[in-house]
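>>> give the three-dimensional model of this entry:
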Amino acid sequence: MITLPIVQGSFVIERDYAATAAEVFEAWSDIDLKARWFIGPEGWSALRRELDLRVGGTEILHGRLPNGTETLFTARYHEVVPDRCLVYVYDMHLDGRHHSTSLATVELRPKGSVVQLVFTEHVAFLDGTKDASGRERGTAAHLDRLTRCLARGSG
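Residues are numbered from 1 along each chain as shown. Reported below is the predicted structural model:
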């Protein structure tokens with residue numbers, strides 16, 4: 001059930017990675033590599049992970065927080081250009097309740113010896129969440145883990 005009003009939010013996060021665009025894209029498109037950085041917070045455990053990275057393909061990440069809350073991320077990819085960009089729409093559910101719907105884009109921009117990743121999200125919170133600051137912090141944590149993953153040569 002939607003809690004009105006629906007709260008809208010948008011944010012952009014940029015990161016420079018000391019990697020090639022192909023390496024960064026692989027970290028998004030390879031399920032084993034993505035499992036190293038696209039995870040829940042401390043103590044969260046994955047219950048199910050699927051990734052079909054193609055136009056029309058889906059991604060599912062179902063997990064559980066230490067307090068027992070279950071999280072469910074379901075995405076559908078609308079644009080996939082290897083080594084360049086991703087466009088997807090995703091829903092978040094918490095304990096079976098529809099938390100939010102988002103449009104997200106990932107752009108990879110080579111800049112000399114690094115690749116700039118530009119992540120943009122437009123979100124509609126359906127459950128009374130007041131603003132997008134928590135989502136932005138969570139996404140930044142994902143991208144920080146991706147930095148460490150690429151630095152170890154995982155991508």
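
>>> for the rest of this, base every contact and every neighbour count on C-alpha atoms.
Will do.

>>> by residue count, which helix of the protein is the longest?
helix 133-151 (DSSP state H).

>>> that one: how far from the chain's middle?
Centroid separation for helix 133-151 versus its chain: 9 Å, with CA atoms, centre = their mean, to the nearest Å.

>>> quick check: beta-bridge partners of P110?
Beta bridges link P110 to V115, judged by DSSP bridges.

>>> what confidence value was assigned to it?
pLDDT recorded at P110 is 96.

>>> so where's the protein shaky on pLDDT?
Residue ranges of the chain with pLDDT under 70: 153-155.

>>> list the buried residues in the longest helix of the chain.
Buried positions in helix 133-151, judged by neighbour count with 16 or more other CA atoms under 10 Å: 136, 139-143, 145-147, 149-150.

>>> excluding chain neighbours, what is closest to F125?
By the measure of CA to CA, 6 or more residues apart in numbering, the closest residue to F125 outside its immediate chain neighbours is S100, 4.4 Å from it.

>>> which helix or which strand is home to the one you found?
strand 97-111 (DSSP states H and E).

>>> other SSEs contacting that strand?
The helices and strands touching strand 97-111, judged by 3 or more CA pairs under 8 Å, 6 or more residues apart in numbering; DSSP states H and E, are helix 21-29, strand 85-94, strand 114-125.

>>> now these in JSON lines, with mean neighbour count and distance to T74?
Supplementary listing: these in JSON lines, determined by neighbours: other CA atoms under 10 Å; distance: least, CA to CA, whole Å:
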{"stretch": "helix 21-29", "mean neighbour count": "20", "distance to T74": "15"}
{"stretch": "strand 85-94", "mean neighbour count": "19", "distance to T74": "5"}
{"stretch": "strand 114-125", "mean neighbour count": "20", "distance to T74": "14"}
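
>>> closest one to I6 among these?
strand 114-125 (5.7 Å; CA to CA).

>>> just checking: what are the partner strands of the helix or strand harbouring R15?
Element membership for R15 (DSSP H and E) is strand 7-17. Strand 7-17 has the following strand partners under DSSP bridges: strand 114-125 (antiparallel).

>>> correct me if wrong: L103 contacts D91.
No: the criterion here is CA atoms under 8 Å, and L103 misses it with D91 at 9.2 Å.

>>> quick one: the host helix or strand of A75 to chain centroid distance?
Of the helices and strands defined by DSSP H and E, A75 is found in strand 70-81. Chain-centre distance of strand 70-81: 8 Å, with CA atoms, centre = their mean.
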